[in-house]
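**Q** compute the structure for the input listed below.
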Amino acid sequence: MRLWLEFSERPTGRNWYRAHNASIVGAYLENGGLAEAESSPERFFMNVALVRVQYAHALNAAPRLALGRLAPLGHLVGDPRLGMAGVFLSLGRVLPDRYPLDRGVERYIADERRLGRMLDYAVIVPRLQRLYEWSADELAEPRLCGLVRDGSPIYAWPFEERHVWRSKQMPFAARVLERLTRPSPDEFSMGRRSTVV
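**A** Here you go, the predicted structure:
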């Protein structure tokens, strides 16, 4: 509630994400037991949703972490008031439209649209560990770091099945995008600063 009040007093994109994502992270942390009871595809998509909201926040508040050399674009594409963040948060392009989910996780991954896959595997996955650490600091919620291990999301997800967060073959365009947005080593070693600009 405090973060929503801060947003109402100072309605910036960063404050909106802080309030929004703190609510989501809090719900995830409070309902881990319920999540464990879900099917494998459901648990996978819970992690995808959590990763995406953190990444959209970083676009706005930590663009160098989110986009590397393309950081100047971060504030524009990550501003929730401009609608561009919907591209990253629109899980309708990622989540299946029929429930219950009755196929294997790999099948859903294969069906994901090309742009979404490129974004997830070429841009977001290489910075997952740092993204969770930054989000934990930004939201003042250290337990968030317990939902990632060695750069793989583990919310109600076994670390032994971390292969789903890596792509065996990436198209040329994805490899170029990965290089363009790769954070420099100093961006990963900046510590838990609340801003990476």
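**Q** which ones are touching residue 159?
**A** Residue 159 makes contact with 149-150, 152, according to C-beta atoms under 8 Å, 6 or more residues apart in numbering. In short, each C-beta sits where N, CA and C put it, glycine included.
**Q** can I get these in CSV with pLDDT?
**A** Output for the contacts of residue 159, formatted as CSV (pLDDT from 0 to 100):
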residue, pLDDT
149, 97
150, 97
152, 97
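**Q** so who does the residue nearest in space to the middle of the chain touch?
**A** For the chain, residue 51 is the residue whose C-alpha lies nearest the centre (C-alpha atoms, centre = their mean; 2.2 Å). Contact partners of residue 51, counting by C-beta under 8 Å, 6+ apart, are 120, 124, 128, 131, 153.
**Q** neighbours of residue 13, how many?
**A** By other C-beta atoms under 10 Å, the residues close to residue 13 number 20.
**Q** from now on call the first residue 630
**A** Okay, residue one is now 630; in that scheme the one you just asked about reads as residue 642.
**Q** surely residue 644 touches residue 634?
**A** No. Judged on C-beta atoms under 8 Å, residue 644 makes no contact with residue 634 at a distance of 9.9 Å.
**Q** so for these two, which sits in the more crowded spot?
**A** In this view residue 644 and residue 634 are compared by other C-beta under 10 Å, and residue 644 has more residues nearby, 19 against 11.
**Q** which element is that one on?
**A** helix 642-659 (DSSP states H and E).
**Q** how distant is that helix from the center of its chain?
**A** 12 Å (C-alpha atoms, centre = their mean, to the nearest Å).
**Q** list the buried residues of that helix.
**A** Buried residues in helix 642-659, counted by 16 or more other C-beta atoms under 10 Å: 642-651, 654, 657.
**Q** all the strands of the chain, residue numbers only.
**A** 777-778, 781-782 (DSSP state E).
**Q** other SSEs contacting the last one?
**A** To tie it back to what came earlier, the one meant is strand 781-782. Packing partners of strand 781-782 (3 or more C-beta pairs under 8 Å, 6 or more residues apart in numbering; DSSP states H and E): helix 669-690.
**Q** centre of the chain to the helix it packs on, how far?
**A** The chain centroid and the centroid of helix 669-690 are separated by 4 Å under C-alpha atoms, centre = their mean.
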